[in-house]
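*Asks:* Show me the folded form of this:
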Amino acid sequence: MSPTAACSEAREELIACLLRTDCVLKSGRSPTECLHHPQELPIQCQHLIARFADCKKGMLDMRRRFRGNHLSESAKANARGEILNQGTVDIIPDRTAEEDPRRR
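*Replies:* Presented below is the predicted three-dimensional model:
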């Protein structure tokens, strides 16, 4: 995988997000100019900036290069601004020893 292809997905998502912001659409600034003022950008774009920066840093980290410069699925979803299932579990009422199938 070439260095440019390593972070291309993160880069393209960031560019697409920047092009949809008020900074570009209403103010008429370039996406590069908008990157200089990240506090004015939506939180989703801020997460994508962090994701892209993390990817670029990972290209320099030899441990990551050896293991692979991958983000976890939850980190990818957070960068895209998606809300994942928080792992809620149905609570089963306390069982007596006779009712518990594991005790048989």
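*Asks:* got the contact list for the nearest residue to residue 11 once chain neighbours are set aside?
*Replies:* Excluding its sequence neighbours, the residue lying closest to residue 11 (CB to CB, 6 or more residues apart in numbering) is residue 52, at 5.8 Å. For glycine as for every other residue, the C-beta is placed from the backbone atoms N, C-alpha and C. By CB atoms under 8 Å, 6 or more residues apart in numbering, residue 52 lies in contact with 7, 10-11, 14.
*Asks:* sec struct for the closest residue to residue 40 other than its chain neighbours, please.
*Replies:* Of all residues not flanking residue 40 in the chain, residue 23 sits nearest, at 5.9 Å (CB to CB, 6+ apart). Of the three states, residue 23 takes helix under DSSP: H, G, I helix; E, B strand; the rest coil.
*Asks:* Touching, residue 23 and residue 38? I think so.
*Replies:* No - in this structure, residue 23 is not within contact of residue 38 by CB atoms under 8 Å, at 9.9 Å.
*Asks:* Which one of those two is surrounded by more residues?
*Replies:* Using other CB atoms under 10 Å as the criterion, residue 23 and residue 38 rank with residue 23 on top: 23 against 12.
*Asks:* ok, now which ones touch that one?
*Replies:* Residues near residue 23 by CB under 8 Å, 6+ apart: 29, 33-34, 37, 40-41.
*Asks:* Including distance to residue 47 and neighbour count, could those go into JSON lines?
*Replies:* What follows is the contacts of residue 23, written out as JSON lines (distance: CB to CB, whole Å; neighbours: other CB atoms under 10 Å):
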{"residue": "29", "distance to residue 47": "20", "neighbour count": "18"}
{"residue": "33", "distance to residue 47": "20", "neighbour count": "13"}
{"residue": "34", "distance to residue 47": "15", "neighbour count": "19"}
{"residue": "37", "distance to residue 47": "16", "neighbour count": "11"}
{"residue": "40", "distance to residue 47": "15", "neighbour count": "14"}
{"residue": "41", "distance to residue 47": "10", "neighbour count": "20"}
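*Asks:* Mind checking which of those are in helices?
*Replies:* Of the positions in the contacts of residue 23, 33-34 sit in helices, assigned by DSSP state H.
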